[in-house]
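Undergrad: structure here, sequence nowhere to be found:
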């Protein structure tokens, strides 16, 4: 005796996102830890030395957090106005930050008071950084200049004015202490060489540049601005390698993962995107607010994201060890043991094993189909949750009823309320190519059944009116698409060289199989 | 023309086991059912086919236990005889010759020595008119008895045998026909009839479909066409009869059966649900659903512990009284039509065809046993008449048997056709096919033809459909991700001038794909998907297409609807030859160059077996059967035959099975094969005339050796002596000891019987030599044939060893040695 075979829900493979190694790698983060700051988080910088503390610049203070702590282990609060761009020196002992008032302060990481103050900028300094020799600091300001300061003597070494708008991006070279890259709101990215004292390379980004980033090899340069992320090849004299447009709002920050140099970009559209080496998006983090800053700890242990609402969201990497402790703790729980008594019982060699028959669990609509309650089965399948989140289940039940020849019975004898449900479902899904075929049959049957009584209910009448409109629009669209297809076919056919001339004549220029509308 | 005498057309694959109600022996150990001209005996516990009762020469139409002896069974047949069997040992006890075709048999304990039979009325040519007759069996010791003492009980008998039943203790017999129920009382010798109206207001259809009588109570249960069951009571008084109606079945009740105690009534119909009604408790019932095909018959064992249901899908289910299925006896399922081709599973060598609705069945031809069903559709089958459900219409195996492609279809009548293309991978662990890919909209119209590429390395599926396209499907290699996937996707879409394709076929090495579009055959290269050439031989649409094999692989064969069989040479792209034959099926043998063509002409089918390269057919058989043949398949043999006869050579490596329109599976069997089967069956039969003692075993071995020697060298010379010897032994072993003469007398006789064989072996050498020489002369021609055959086989497969060659060489050497070289001596002498 065969058992009841449940309704087959047609499974259609999802297009687009495919599970790759990258997705698995980037999915392997715990849920984020939220830390509330006093204002928008504009800059996050990880210390290059272990234990990789990170400095978070927000509002008038800079907090230094430990990798796993949620409380700041140190904070620098002596700012009169908003602080900007706090970043570590290469040895992780000094920290430099600009501010709204134009002062640049240099802190010892263990001290509290500023070691040096560099004065000279007339407007807010948004970006500051050490050059890679560690003795000089470069800063970019809204007064269109950037200046280089000597740390020991606290004097200004040079001041260059080449940009014509605010400077908001800066990236010093790690290999050459005299090189750094700046990006400005004048849509340009410039590479400066301190030895010549002027820019050696200029690239047109096309949008106000928000962030620049050098690859470790320093052959590639990333600039973000507007909705675009552009990769430049510096060795080819600043040729644009690729231009990415994956965000739908301004891309504010970019950083590189230390494992495999994957590019991450954050944007005001609240997404962080991860790209693979061929610059395809492999993963996507969602955040609650627009992203202003982002940093990845060495070894990708932590992804920290700063947002406009002052929330710092920190994601820690999952480790196998954590998982084990989690599961083992769960296994030790007492309630579980109560329910599976004798689970660990191992049968002896001469024991005769009687296996328990596996009970077949059926869904509710299957149970009703099994007992031939067709109307009830359709009602179950049309329940709000199923209807909205799993329309394929509803359609599968409709197909099954149609196959059994009982769809008409199931649709008959309904009141206004349940009929509205069905019509709403039709309105939503009838032009979905996966569902249109069975749903058109449903529409036909509903019209057949209720033609006499339709005028009694204005609600149903209105819905049918809408259904007609929707179908009319869909039919027009189909026709247009077919026309485009015909045009394309002609174009392709004329492009490909053909041996037979006769075949050209038989090409489908305008075939118009009309969609059967209502 | 070639002789056809040693090739016979043989029916195979079993026959219907569901024609008559199966019966359970009184000890519940055996189930008996009719199957063609046999009665088969199955075990209820193991479902194993134990043996069959052979003897009838035509369809057996009814069996029933002998009420006088529960180890005996009566069977009646269309050949006009009733036979009495001992079904445990399979021995025919008696044959009663009635003389006219019999269609059903009934017995009752009260009427010993009387059989009640359905006979068709001789006067009426229509089959509709049947008569119930009682036959008194003459008491006689003879094996074959003529029983002519017939008396008609009634002539108002339905064709359906389940419309007749004996009432309580055999006091009356009830039979129904159309809308009339008749009860014949034996004591009163009177028939009462009760009739119903054809329809009432509610549209009920009241025609009787089956009948059952309560074993201890005066109650008759009748089933009706609209699914109602009526329980008739008080019919002894004609005027005051009453009936109560119960209704559960939504379609005709096929069968009714009371349990032996009469506590329950069992009913079954097309819904395939066994319903158990509690007798006298109104509407209380139990169900056993989803048993298989629609239930045709139900029978209960005499102790009420077991029930048997027989189903329309050629199946018998054994059910315990606790409503648990405990055994299934499955025959070859032959539906209304086999939509798929006959196929051979390359792994199990089983025949694969449509089975249960929505399933493919795997049937072992060698053991004549149903192996398993593969559920293709995977949907709940609704047993309802006239419902359009998914059916498997196409199936194909790849050459290794690791992939199976199926097409299921629904909506032949209505305009919207639904179909799915499914690909199944063979799972080594579970040893069955597992669904790999379902393609929902493979084409926009019906798939007409489907084939796998036959190369070992890459598997590719080609489907041709009515939407004037053919598509190639490949596993893995998606262009987007460049990763190996294990599911199938479309690789190429081809079409030719918007013509509808009719057939597609791969060449033996799958370097070429031939797709026929109406009248035109296009040849494609599957590597580059380039159209290489087109072939055309108007008029007529191409019906069948196949490539030649082995040495004939340069030929392409095609048949057209305008009765042409064409053969193209692919090297020159020209028509090699064509003949005018109406070929309904063209089937190439995968193991040789041979091609079988079935042609239907003037109401009978002829078979031609030919090689594409030779003008003369290898084998012709006129009038194979009277119906059209649409499906055929070559089945590889387990071990090749060594027949050297020209007419049977084509059957050496594989066997041809074909299916007629009447769903009869037929095959060709050769004389050598039959001999072999006969000998094997003889070996199996134990000679139980002699008790198995150590002494017998010793003697038996000795006797076997003797027999072997006899058959090998001199069958004529010592045959009488041999029989004499065996008689002596028999005499010695079977005669009671007290009547035997003294042992000393017997001993000399006994020892003599041993000596005979020795003289048989020891012959005078002169005679032996003569014989062997004669033998050699005989075998010379044979050897040549043998050699040629071996060459053929060497072409076919490399791994085959040829031990016979050495033997032939040995003989050659012997002859050389025997030749007189004395003349040489003379030459040598004369030289110096």
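TA: Cool, the structure landed. A quick note: this is a predicted structure, and the numbers were derived from the prediction, not measured.

Undergrad: which stretches of the stretch 301-450 of chain A have low pLDDT?
TA: A:321-343 (pLDDT under 70).

Undergrad: who in it is up against chain B?
TA: Taking CB under 8 Å from any CB of the partner chain as the measure of proximity, the stretch 301-450 of chain A contacts chain B at A:369, A:370, A:400, A:403, A:404, A:405, A:437, A:441. No exception for glycine: its C-beta is placed from N, CA and C like everyone else's.

Undergrad: turn those residues into CSV, columns for neighbour count and secondary structure.
TA: As requested, these are exported to CSV (neighbours: other CB atoms under 10 Å in any protein chain shown; DSSP: H, G, I helix; E, B strand; the rest coil):
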residue, neighbour count, secondary structure
A:369, 27, helix
A:370, 16, helix
A:400, 26, helix
A:403, 21, helix
A:404, 20, coil
A:405, 15, coil
A:437, 15, helix
A:441, 16, helix
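
Undergrad: which of those lies closest to residue A:154?
TA: Proximity of these to residue A:154 (CB to CB) peaks at residue A:437, which lies at 77.4 Å.

Undergrad: need the max-distance pair from the residues of the stretch 301-450 of chain A next to chain B.
TA: Pairwise distances across these peak at 25.3 Å for A:370 and A:437 (criterion: CB to CB).

Undergrad: before we move on, back to that, tabulate the residues of the stretch 301-450 of chain A next to chain B (JSON lines), appending distance to residue B:392.
TA: Listed next are those as JSON lines, based on distance: CB to CB, whole Å:
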{"residue": "A:369", "distance to residue B:392": "23"}
{"residue": "A:370", "distance to residue B:392": "24"}
{"residue": "A:400", "distance to residue B:392": "19"}
{"residue": "A:403", "distance to residue B:392": "15"}
{"residue": "A:404", "distance to residue B:392": "19"}
{"residue": "A:405", "distance to residue B:392": "20"}
{"residue": "A:437", "distance to residue B:392": "22"}
{"residue": "A:441", "distance to residue B:392": "24"}
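
Undergrad: show me which of those is closest to residue B:74.
TA: Here the nearest of those to residue B:74, counting by CB to CB, is residue A:370; it sits at 43.3 Å.

Undergrad: who touches the closest one in this structure?
TA: A:4, A:362, B:380 (CB atoms under 8 Å, 6 or more residues apart in numbering or on different chains).

Undergrad: also residue B:264?
TA: Residue B:264 sits next to B:258, B:276, B:277, B:278, B:279 when contact means CB under 8 Å, 6+ apart.

Undergrad: who does it bridge with?
TA: As for beta bridges, residue B:264 partners with residue B:278 under DSSP bridges.

Undergrad: for the one 5 residues further on, same thing?
TA: Beta bridges link residue B:269 to residue B:253 when assigned by DSSP bridges.

Undergrad: how close does it get to chain A?
TA: Per CB to the nearest CB, to the nearest Å, residue B:269 is found 15 Å from chain A.

Undergrad: how about residue B:473?
TA: Remark: distance between residue B:473 and chain A (CB to the nearest CB) = 16 Å.

Undergrad: that residue and residue B:459 touch, don't they?
TA: No. Counting by CB atoms under 8 Å, residue B:473 does not reach residue B:459; the two are 9.3 Å apart.

Undergrad: where do the helices of chain A begin and end?
TA: Taking DSSP state H, the helices of chain A run over residues A:21-27, A:320-331, A:334-339, A:364-370, A:374-381, A:384-389, A:391-403, A:407-411, A:416-429, A:436-450, A:458-495, A:502-505.

Undergrad: where does residue A:506 land on pLDDT?
TA: pLDDT for residue A:506: 41.

Undergrad: what's the answer for residue A:132, then?
TA: You'll see residue A:132 listed with a pLDDT of 87.

Undergrad: okay, it and residue A:118: tell me how far apart.
TA: As for residue A:132, its distance to residue A:118 is 18 Å (criterion: CB to CB, to the nearest Å).

Undergrad: which one's more surrounded, these two?
TA: More crowded of residue A:132 and residue A:118, by other CB atoms under 10 Å in any protein chain shown: residue A:118, with 25 against 18.

Undergrad: beta-bridge partners for that one, please?
TA: Judged by DSSP bridges, the bridge partners of residue A:118 are residue A:104.

Undergrad: isn't it right up against residue A:139?
TA: Yes. With contact defined as CB under 8 Å, residue A:118 reaches residue A:139; the gap is 7.3 Å.

Undergrad: what does chain B put close to chain A?
TA: Listed as neighbours of chain A in chain B under the rule CB under 8 Å from any CB: B:288-292, B:325, B:378-380, B:382, B:384, B:387-390, B:410, B:416, B:440, B:481, B:497-498.

Undergrad: of these, buried ones?
TA: Applying 16 or more other CB atoms under 10 Å in any protein chain shown to the residues of chain B next to chain A, the neighbour count classes B:288, B:290, B:291, B:292, B:325, B:379, B:380, B:382, B:389, B:390, B:410 as buried.

Undergrad: where do the strands of the stretch 301-450 of chain B begin and end?
TA: In the stretch 301-450 of chain B, the strands defined using DSSP state E, counting those that start in this stretch lie at B:306-311, B:315-320, B:325-330, B:343-344, B:351-354, B:359-364, B:369-375, B:391-397, B:403-410, B:418-427, B:432-439, B:447-452.

Undergrad: I figured residue B:272 hits residue B:288, correct?
TA: No. If you go by CB under 8 Å, residue B:272 and residue B:288 don't touch, sitting 9.4 Å apart.

Undergrad: now do the contacts for the nearest residue to residue B:343 once chain neighbours are set aside.
TA: The shortest distance from residue B:343 to any non-neighbouring residue, by CB to CB, 6 or more residues apart in numbering or on different chains, is to residue B:352 (4.4 Å). Contact analysis of residue B:352 by CB under 8 Å, 6+ apart lists B:340, B:342, B:343, B:344, B:345, B:360, B:361, B:362, B:363, B:395, B:397.
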